[in-house]
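**Q** give me coordinates for this.
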Amino acid sequence: MKQVYKYILLFCIGLWLPWLPDCSTAWAKDFVVVIDPGHGGHDPGAVGRISKEKNINLNVALKLGRLIKNNNDDVKVIFTRSTDVFIPLDRRAEIANDAKADLFISIHTNSVAGSRTVKGASTWTLGLAKSEANLAVAKRENSVILYESDYKTRYAGFNPNSAESYIIFEFMQDKYMSQSVHLASLVQ
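**A** Sure thing, here's the model as predicted:
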């Protein structure tokens, strides 16, 4: 289990190292990072024999936040959650938007069926569902909406299992897509 934390923490550190020299002199205000530990509360995420994704995500997110705060005085860190509570997806976005976040990091832990070996890291940006595999990932990740008691009201017309619902996202995400893809390429 400690090996998993080490790999995730190294991944998160790697996220910042290539980017900091370029940004540090350009910041006129505090750089705001919102860290989102995925899942939480009644949404466990992936469940293993001895762990739940929600707990691993929270521990990694809190460690990453401390690491950033301890090494970057001009970075303001905000968490979408700091305890084991369920935060609806739209509320996570509101937290980031209200904070005028410069960077949103959502921490998730991949499950590996039948394997105890952990290797590597994944970097995902909000992307277009141009392949069946991409669409399947988007559907799986957004199906957490169904855990919300009032999801039919909050997400009126959005069906996380419908390809048509993702067309709307394509129009909304274009503004920052190139920045997200550039950062993801630096991390990988």
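
**Q** could I get the full set of strands for the chain?
**A** 31-37, 75-79, 103-107 (DSSP state E).

**Q** for residue 154, find the nearest of these.
**A** Taking CB to CB, strand 31-37 is the member of the strands of the chain nearest to residue 154, at 17.6 Å. In short, each C-beta sits where N, CA and C put it, glycine included.

**Q** what's the closest one in contact with?
**A** With CB atoms under 8 Å, 6 or more residues apart in numbering as the test, strand 31-37 has contacts from 23, 54, 57-58, 60-62, 64-65, 68, 72, 74-81, 92, 95-96, 99-107.

**Q** what score does the nearest residue to residue 58 once chain neighbours are set aside have for pLDDT?
**A** Among residues not flanking residue 58 along the chain, residue 37 sits closest, at 4.3 Å (CB to CB, 6 or more residues apart in numbering). You'll see residue 37 listed with a pLDDT of 97.

**Q** neighbours of residue 37, how many?
**A** 31 (other CB atoms under 10 Å).

**Q** so what pairs up with it in the strands?
**A** Using DSSP bridges, the bridge partners assigned to residue 37 are residue 107.

**Q** leaving out sequence neighbours, find the closest residue to residue 44.
**A** Using CB to CB, 6+ apart, the closest residue to residue 44 is residue 52 (4.4 Å).

**Q** where do the helices sit along the chain?
**A** 2-16, 20-24, 53-71, 89-98, 132-142, 151-154, 163-173, 177-187 (DSSP state H).

**Q** and the ones you listed, which one is worst for confidence?
**A** For these, where the average pLDDT is lowest is helix 20-24, sitting at a mean of 48.

**Q** perfect, that will be all.
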